[in-house]
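Trainee: Predicted model follows, preceded by the sequence.
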Amino acid sequence: MKLSVIILAAGQGTRMRSTLPKVLHRIAGKPMLQHVIDTCKSLKADDIFVVYGHGGEQVKSTITDKSIRWVKQAEQLGTGHAVKQVSPEIDDESQVLILYGDVPLIHHDTLHELISIFPENGISLLTNQLADPTGYGRIVRDDKQTVMGIVEQKDANEQQLLIQEVNTGIMAANGKELKRWLANLSSDNAQQEYYLTDVIGFAASEGRAIVTATPNEPAEVEGVNNRRQLASLERAYQIFRAQELMDGGVTLLDPYRFDLRGKLTAETDVIIDVNTIIEGNVIIKSGAYIGPNCHLIDCTIGENCVVKNNTIVEGAMVGADCTLGPFARIRPGTSMSDNSHIGNFVEVKKSTIGSGSKANHLAYIGDAQIGKSVNVGAGTITCNYDGANKHLTVIEDNAFIGSDTQLVAPVTIGKGATVAAGSTITKNVNAEALCLTRVKQKEIAGWQRPTKKSKAE
C-alpha cells in the first residue's frame, strides 16, 4: 500500500518569541522539521507533504529537500483545516500518516508499529499516558475500551478531564475515508477551529476500527511551543544518542554532558570525556580517547588516539596512535599518519604529517607536506600565503626544524636536514645539511637604555 505522510508545519509559534518560524528552530543542530522529514524517509514514504504557512518562504528556502511536496495553508484554522489542504493530492487507496513539524523526536520504530497495526478503512492512533494530562485532548473510550472519540481540554467536562490517556495527534488513516471525514469537519467548538481529532469520532460513529499504540519514550511525542521545551527536547535527544553509544561499547564519562549534532560512528572501547561536541560525520575508532571540551567536525580519529582537552579537529583524517593537543586546532584537509603528534597551541591546515613526526608546541603548519620522523620546533611557522596565493612547504623525512623558524614557501627542506633555531628560510635546504640564517651575535659593553623625557622637557 502506498504511504503518504502529511507533516503539519504552518504554525506561527508565538510563544517562541522569535522571528524564525518555529519548525526551523534546531535540535542537535538540525531544524525540527528536518528531523521529522528524515524519519519519514526512513519509513520509505512514497509522498511527503509539508503544510506550510507562517514564514513559509523561509521554511521552503531552508528545507531544500527536492522530494518534499509543499502545500500552503493561507489561513491557520486548525489541524483539520491544515490536513484538508492536502486532500486533493491524496490517493484514495493510500495509507496517510499525519505528523507534526514541531514534534521532532518521533522514532521510526514507533511509527512503523503504528503503520503495521493499521486496520483496513479504520484509523490507527498514537496515544500516551500522562500523570498530568493538562492541555491535551483526552481519549474517550466506552466500557469495552473501544475508542469513541477525542475531546479537547477546553471542551471536556469534569469527568473527561480526569482521563490520563491523551491524544498525540499522530494517526494513520485510509486516504479515501480521511478525505470524506475531513469534508464533514465543523468549527463549532470553543476555539472555533477545525479539529483533526473529530475524525476519530466520525470513524467511531460508523463502527470503524480504531486501534492505538504508544511510544517507547514519552519525549517522542512531546512538542515544542517555547524555548524551555526546545531545551528539554535537545537534552532528551542527546540522552537517546548517548544511550545508543553506550549500548554499543562506548564510554561516556557523563552522558548528560555530551552533544551530538550529526552522525557519530564509534567503535568499541572509545572513551569520550565531558563537554565534547560532535558535528557532521565523525568516525572514532577503537580505543581512542577524546578529552574534555573537544570539538570534532567531519573527521576520522584513528585507533588508540589521544585527543587532549580543548582540541578542535575539523575535516581531517587522523591515523592510529596519534596524540593531539591540548589546545590544538586541526583544520580541513589535514592528514596525520600513524604515531604522529600535534601538541599544545599548534594549528595545522591542509597538510600531511608523516608517521613519527611531531610539532609539539606553538606552531602553525599550513599547506605543508611533512615526511616521516620530522621534528618541528616551538614557534615554527610555514609562511604559506604571499598576500594573493598559497604556496607549498615540503619537509622531507628525518628533518629537524629548530624553534622560532619561518619557512617561506614555496620551499623544500631536504631529507635529514637541520634548520637552526631562529632562522628564516627562503631557499631550498639540501639533504643532511645544516642551515642557519641568524645574524652574528654582537655585544656592546656599557650600553645605556634610553630614558623617558620629563614632562618639563
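Mentor: All right, it came through fine.

Trainee: Show me what the residue nearest to the spatial centre of the chain bridges to in the sheet.
Mentor: Among the residues of the chain, the one closest to the centroid is Arg261, at 2.3 Å (CA atoms, centre = their mean). For Arg261, the residues forming beta bridges with it (DSSP bridges) are Glu279.

Trainee: got the contact list for it?
Mentor: Contacts for Arg261 were tallied using CB atoms under 8 Å, 6 or more residues apart in numbering; they are 28-30, 277-280. (Each C-beta comes from the backbone N, C-alpha and C, glycine too.)

Trainee: With Leu264 instead?
Mentor: Leu264 neighbours (CB under 8 Å, 6+ apart): 241, 245, 278, 282-284.

Trainee: Now with 7 Å, please.
Mentor: 245, 278, 282, 284 (CB atoms under 7 Å, 6 or more residues apart in numbering).

Trainee: just to revisit the earlier point, farthest pair in the contacts of Arg261?
Mentor: Lys30 and Ile277 (14.1 Å; CB to CB).

Trainee: A helix includes Cys40, no?
Mentor: Yes - per DSSP: H, G, I helix; E, B strand; the rest coil, Cys40 lies within a helix segment.

Trainee: tally of neighbours for it?
Mentor: 26 (other CB atoms under 10 Å).

Trainee: Wait, it touches Val50, no?
Mentor: No - at 9.8 Å, Cys40 does not count as touching Val50 under the criterion of CB atoms under 7 Å.

Trainee: what residues are up against Ser373?
Mentor: Contacts of Ser373 by CB under 7 Å, 6+ apart are 356-357, 397-398.

Trainee: Show me the one in those residues that has more neighbours than the rest.
Mentor: Ser357 (24 neighbours).

Trainee: State the distance from that one to Val419.
Mentor: Computed as CB to CB, to the nearest Å, the Ser357 to Val419 distance reads 15 Å.

Trainee: Give the next helix or strand downstream of the biggest helix by length in the chain.
Mentor: Longest helix of the chain, by residue count under DSSP state H: helix 227-247. Using DSSP states H and E, the helix or strand that directly follows helix 227-247 along the chain is strand 251-252.

Trainee: Give me the mean pLDDT for that next one.
Mentor: Mean pLDDT, strand 251-252: 98.

Trainee: Same question for stretch 292-308.
Mentor: pLDDT averaged over stretch 292-308 gives 98.

Trainee: cool, stretch 355-371 as well?
Mentor: Mean predicted confidence for stretch 355-371 is 98.

Trainee: okay, it in PDB with CA atoms only?
Mentor: What follows is stretch 355-371, C-alpha atoms only, in PDB (Å, rounded to 0.1, in the frame of the first residue of the first chain):
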ATOM      1  CA  SER A 355      54.500   8.800  10.700                       C
ATOM      2  CA  GLY A 356      56.500   9.600  13.800                       C
ATOM      3  CA  SER A 357      56.600  13.300  13.100                       C
ATOM      4  CA  LYS A 358      55.800  15.800  15.700                       C
ATOM      5  CA  ALA A 359      55.100  19.500  16.300                       C
ATOM      6  CA  ASN A 360      54.600  19.800  20.000                       C
ATOM      7  CA  HIS A 361      54.400  23.500  20.800                       C
ATOM      8  CA  LEU A 362      53.200  26.800  19.500                       C
ATOM      9  CA  ALA A 363      53.400  26.300  15.700                       C
ATOM     10  CA  TYR A 364      51.500  27.000  12.500                       C
ATOM     11  CA  ILE A 365      51.700  24.400   9.800                       C
ATOM     12  CA  GLY A 366      49.700  25.300   6.600                       C
ATOM     13  CA  ASP A 367      49.900  23.900   3.100                       C
ATOM     14  CA  ALA A 368      52.800  21.600   4.000                       C
ATOM     15  CA  GLN A 369      53.900  18.100   3.300                       C
ATOM     16  CA  ILE A 370      55.900  16.700   6.200                       C
ATOM     17  CA  GLY A 371      57.600  13.400   5.900                       C
END
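
Trainee: Helices of the stretch 51-200 of the chain, residue ranges please.
Mentor: 56-62, 79-84, 108-116, 158-161, 175-183, 198-205 (DSSP state H, counting those that start in this stretch).

Trainee: Just send those helices back as JSON lines, with mean pLDDT and distance to Asp254 too.
Mentor: Output for the helices of the stretch 51-200 of the chain, formatted as JSON lines (pLDDT from 0 to 100; distance: least, CB to CB, whole Å):
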{"stretch": "helix 56-62", "mean pLDDT": "94", "distance to Asp254": "33"}
{"stretch": "helix 79-84", "mean pLDDT": "95", "distance to Asp254": "40"}
{"stretch": "helix 108-116", "mean pLDDT": "96", "distance to Asp254": "27"}
{"stretch": "helix 158-161", "mean pLDDT": "94", "distance to Asp254": "40"}
{"stretch": "helix 175-183", "mean pLDDT": "95", "distance to Asp254": "46"}
{"stretch": "helix 198-205", "mean pLDDT": "92", "distance to Asp254": "43"}
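
Trainee: any idea how far Ile290 is from Cys305?
Mentor: Noted for Ile290: a distance of 9 Å to Cys305, by CB to CB.

Trainee: Settle it for me: which of the two has more neighbours?
Mentor: The neighbour comparison of Ile290 against Cys305 (other CB under 10 Å) goes to Ile290, with 28 against 25.

Trainee: got a list of what the more buried one touches?
Mentor: Going by CB under 7 Å, 6+ apart, Ile290 touches 271-273, 276, 284, 307.

Trainee: Try it again at 8 Å.
Mentor: Here Ile290 is in contact with 270-273, 276, 284, 296, 301, 307 (criterion: CB under 8 Å, 6+ apart).

Trainee: Write the ChimeraX selection for whichever of those are buried.
Mentor: One line in ChimeraX is enough to select the buried members of these, burial here meaning 16 or more other CB atoms under 10 Å:
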select :270,271,272,273,276,284,296,301,307
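
Trainee: ok, back up a step: model confidence for the residue nearest to the centre of the chain, exactly?
Mentor: 97.

Trainee: Please name the nearest non-neighbouring residue to Ile365.
Mentor: Leaving aside its sequence neighbours, Ile365 sits nearest to Val348 (CB to CB, 6 or more residues apart in numbering; 4.7 Å).

Trainee: Oops, could you answer that again for Lys60 instead?
Mentor: Nearest non-adjacent residue to Lys60, counting by CB to CB, 6+ apart: Trp70, 6.0 Å away.

Trainee: so what's Asp254 up against?
Mentor: By CB under 8 Å, 6+ apart, the neighbours of Asp254 are Val274.

Trainee: cool, and Lys41?
Mentor: 48, 67.

Trainee: can you do 10 Å?
Mentor: Listed by CB atoms under 10 Å, 6 or more residues apart in numbering, the contact partners of Lys41 are 5, 48, 65, 67, 108.
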